[in-house]
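Q: Coordinates only, no sequence provided:
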């Protein structure tokens, strides 16, 4: 029994349709089970999905401290200095003044 390319594609399509149907049914079963547990125990969204910890700090990028007057590029003063400021001994002319 030799299958042709078109036959194999048809089988693949039929299998993918069966998989999608089974997945949708299983998902519906899962949702129904979750709803039963939520009703049974009187759970709220905060019970199921607790908010983030209050002490956790979000990752932030540093504030720019230096600006290249020629291009407007900025640098925070952290990490490897960019080419426009790496060989400058006195960086005060490049500092960004804050009010």
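A: Happy to help now that I have it. Every value quoted in this text rests on a predicted model; they were computed, and no experiment measured them.
Q: Give me the below-cutoff pLDDT ranges for the protein.
A: When the per-residue scores of the chain are filtered using pLDDT under 70, the ranges that remain are 1, 54-59, 99.
Q: quick one: the lengthiest helix in it to chain centroid distance?
A: For the chain, the helix reaching the highest residue count under DSSP state H is reported as helix 5-41. On the basis of C-alpha atoms, centre = their mean, to the nearest Å, helix 5-41 sits 26 Å off its chain's mean C-alpha point.
Q: I'd like the next helix or strand past that helix.
A: Moving toward the C-terminus from helix 5-41, the next helix or strand (DSSP states H and E) is helix 45-48.
Q: List the neighbours of that next one that are in contact with it.
A: Defining contact as C-beta atoms under 8 Å, 6 or more residues apart in numbering, one finds that helix 45-48 is touched by residue 38. No exception for glycine: its C-beta is placed from N, CA and C like everyone else's.
Q: contacting residues for residue 68?
A: The neighbourhood of residue 68, defined by C-beta under 8 Å, 6+ apart, consists of 74, 82, 84-85, 94.
Q: Contacts made by stretch 70-88 with the rest, please.
A: Applying C-beta under 8 Å, 6+ apart, the contact partners of stretch 70-88 are 61-68, 91, 94, 96.
Q: Which of those are buried, as a ChimeraX select command?
A: Of these, the buried ones go into a single ChimeraX selection, burial set by 16 or more other C-beta atoms under 10 Å:
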select :66,67,94
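Q: Please work out how many residues are found near residue 74.
A: 15 (other C-beta atoms under 10 Å).
Q: Name whatever forms a beta bridge with it.
A: Assessed by DSSP bridges, residue 74 has beta-bridge partners residue 67.
Q: Roughly how far does it sit from residue 60?
A: According to C-beta to C-beta, to the nearest Å, residue 74 stands 15 Å off from residue 60.
Q: No further queries at this time; thank you.
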